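In: Starting from these lines, generate the structure:
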Amino acid sequence: MAPHTDSPSEGNTPVRGQARSAGPATPLYTRYVLGMVLLTMIFSNVDRTILSILVDPIKSEFGLSDTQMGFLLGPAFAVVYSILVLPIGRYADTTGVRRNIVSAALFLWSLFTVATGFVGTHFQLGLMRMGVGVGEAGATSPSISMISDYLPPERRAKGMSVISIGAVVGMGLGMVLGGWIHDIWGWRTAFIAAGVPGILLALIYRLTVREPERGGSEGREAVETSAFWPSLRALFGTRTYLLILGANGFSLFASMGRNLWEPAFLVRTYDMSQFHAGTWYFLTSPVPSMFGIFMGGYLADKLARRDKRFLLWVPAFGQLVSVPILVAFLLWPESDMVTLPSIFAGTLFETMPVALLISIAGSVVGGLFTAPFMSTTQGVAPLRMRAFAAAVSTFISTLIGLAGGPMVVGMIADNLKPEFGEHALRYALLFPTVVPVLSAILCLIGARYVAGDLARAKALDSAK
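Out: Okay, here's the model as predicted:
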């Protein structure tokens, strides 16, 4: 376990009710904390995205359109989430104990997920999705801030990858387990099974994760909270930060618009069951994305030692290359199949669509942006603005990505249905698939400023 100082560090005196900060942590305990953050992000995204594999049965039971399902997938969760993420991020930067915020949030969203299994109307389902958004607003930005204080800058991008890896693992598990449980016991049981483990994890998190000392990983002292307005002006005067906000917003619009509808695309285009579609989706999108996310962090850390511009060149490369690959995935003829080894004969997985092989490649390069974006955002932010900086990024990417992406795809699919029928969703998905080009352009612009902005943030804190 991490050593615990006998007295708080100067400038970090806890207020009443605030846990004493942990000093420098051992490598073993740091890995434990990263593991707990990983689990938290997994459960966050299981509960957030399990609805996407259950679109068709819920749509059928309540008699909904794709536009209405797009609202449940996106705005019903994202608007409430976005409203709360900024004040929670600010609270985490000032008097809040980040460890306590995350554990309470985990408990709350898990409880609402369980309650979703008991809804009786479309309106109640919408309320439960809002409740999940209330809880999840307290997870990501405090977690990112904590990781920054456990890991030094030269290892931070790779460490930050646990946030995004947890997100894609959670999304994938939600698809597979949600589809499997639905096929046996129904969609309501799937929500209950998704929520219960998170309630138990919240207790373990609260009892075993220590609050890190702010700035401890860099030997920097956090300034007092009275410096909020100068720090805020400095943050929003940082060109790299503003360009990453835009690039991340476009990236999340693309990924959320695709990811939350692609399981339904597989069901409709390839005539798969929920479990069949969820399993193929997990194996060909989240699993390769995890590798891409890790490689994005690894490459950014390694190459940035030579040239800081690689912190944004790596994401730009991934976003540009992913576009033609994922367009090919959507448009590849559904009749084109590969026969798998005889061990799979007689199962649902006897054959595999060629398009899914293409999806694997697109998912790897498409995941390169996530860890460098988070790491660089933390690097250019003042110490007492890190959770808030992450919260602003989450706020914008959630409104643009999670609220906008699924809703826009659903609306386009409804408008295309008279002409294309069941293939309407395929052509609707082309729109978010090409949006990463805009993200790449902003990354290439931001690469010009990143080295100076990193140095400026460090000098700003040292001068106070």
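In: Now the element after the host helix or strand of residue 372, going C-ward?
Out: Assigned by DSSP states H and E, residue 372 belongs to helix 370-380. Heading C-terminal from helix 370-380, the first helix or strand you meet, by DSSP H and E, is helix 386-397.
In: quick one on the thing from earlier: show residues contacting the helix holding residue 372.
Out: 144-145, 148, 153, 156-158, 160-161, 163-164, 235, 238, 240-241, 244, 247-248, 251, 293-294, 296-297, 300-301, 311-312, 314-315, 386, 389-390, 393, 450, 453-454, 456-457 (C-beta atoms under 8 Å, 6 or more residues apart in numbering). C-beta here means a position set from N, CA and C on the backbone, and glycine is covered the same way.
In: switch the cut-off to 6 Å
Out: 144, 148, 156-157, 160-161, 164, 238, 240-241, 244, 248, 293, 296-297, 300, 311, 314-315, 386, 389, 393, 453-454, 457 (C-beta atoms under 6 Å, 6 or more residues apart in numbering).
In: where do the strands sit along the stretch 301-450 of the chain?
Out: Per DSSP state E, counting those that start in this stretch, the stretch 301-450 of the chain carries strands over the ranges 337-339, 351-353.
In: Just the CA atoms of the helix holding residue 372, as PDB, please.
Out: Taking Å, rounded to 0.1, in the frame of the first residue of the first chain, the C-alpha atoms of helix 370-380 are listed here in PDB:
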ATOM      1  CA  THR A 370      -8.000   9.100 -26.700                       C
ATOM      2  CA  ALA A 371      -5.000   8.800 -24.300                       C
ATOM      3  CA  PRO A 372      -2.900  11.600 -25.900                       C
ATOM      4  CA  PHE A 373      -5.900  14.000 -25.700                       C
ATOM      5  CA  MET A 374      -6.500  13.300 -22.000                       C
ATOM      6  CA  SER A 375      -2.800  13.500 -21.100                       C
ATOM      7  CA  THR A 376      -2.100  16.700 -23.000                       C
ATOM      8  CA  THR A 377      -5.200  18.300 -21.600                       C
ATOM      9  CA  GLN A 378      -3.900  17.600 -18.100                       C
ATOM     10  CA  GLY A 379      -0.400  18.800 -19.000                       C
ATOM     11  CA  VAL A 380      -1.500  22.300 -20.200                       C
END
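In: how many degrees apart are it and helix 386-397 in direction?
Out: Between helix 370-380 and helix 386-397, the angle comes out at 130 degrees (axes from the mean of the first three to the mean of the last three C-alpha atoms, to 10 degrees).
In: State the mean pLDDT of helix 370-380.
Out: Averaging pLDDT along helix 370-380 gives 89.
In: Against residue 188, how distant is the residue lying closest to residue 317 once chain neighbours are set aside?
Out: With C-beta to C-beta, 6 or more residues apart in numbering as the criterion, residue 317 has its nearest non-adjacent residue at 6.7 Å, and that residue is residue 368. Separation of residue 368 from residue 188 (C-beta to C-beta, to the nearest Å): 38 Å.
In: Which one's more surrounded, these two?
Out: Set residue 368 next to residue 188 and count neighbours by other C-beta atoms under 10 Å: residue 368 wins out with 26 against 18.
In: if we can go back for a sec, go ahead and measure how far the helix holding residue 372 is from the middle of the chain.
Out: Centroid separation between helix 370-380 and its chain, computed with C-alpha atoms, centre = their mean, to the nearest Å, is 14 Å.
In: next one: stretch 278-293
Out: On C-alpha atoms, centre = their mean, the centre of stretch 278-293 falls 14 Å from that of its chain.
In: which outside residues touch it?
Out: By C-beta under 6 Å, 6+ apart, stretch 278-293 touches 53, 161, 164-165, 168, 171-172, 175-176, 179, 263, 356, 359-360, 363-364, 367-368, 370-371.
In: Among the residues you listed, which ones are in helices?
Out: If you go by DSSP state H, the contacts of stretch 278-293 have 53, 161, 164-165, 168, 171-172, 175-176, 179, 263, 356, 359-360, 363-364, 370-371 in helices.
In: out of the residues you listed, which are buried?
Out: Listed as buried from the ones in helices among the contacts of stretch 278-293 are 53, 161, 164-165, 168, 171-172, 175-176, 179, 263, 356, 359-360, 363-364, 370-371; burial here means 16 or more other C-beta atoms under 10 Å.
In: The worst-scoring helix or strand of the chain on mean pLDDT: which residues count as buried?
Out: Lowest mean confidence among the helices and strands of the chain (mean pLDDT, DSSP states H and E): helix 228-236, at a mean of 76. Within helix 228-236, the residues that count as buried by 16+ other C-beta under 10 Å are 228, 231, 232, 234, 235.
In: can I get these in CSV with distance to residue 212?
Out: Converted to CSV, the buried residues of helix 228-236 look like this (distance: C-beta to C-beta, whole Å):
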residue, distance to residue 212
228, 21
231, 19
232, 23
234, 23
235, 21
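In: ok, those vs residue 329, which is closest?
Out: residue 235 (37.7 Å; C-beta to C-beta).
In: residues touching that closest one, list them.
Out: 381, 385, 389.
In: and the gap between residue 426 and residue 327?
Out: From residue 426 to residue 327 the distance is 11 Å (C-beta to C-beta).
In: which intervals of the stretch 1-150 of the chain have sub-threshold pLDDT?
Out: 1-24 (pLDDT under 70).
In: what is the mean pLDDT for stretch 455-464?
Out: Here the average pLDDT along stretch 455-464 is 70.
In: again, but for stretch 356-366
Out: 95.
In: What lies in contact with it?
Out: With C-beta under 6 Å, 6+ apart as the criterion, stretch 356-366 contacts 280, 284-285, 288-289, 291-292, 318, 321-322, 325-326, 328-329.
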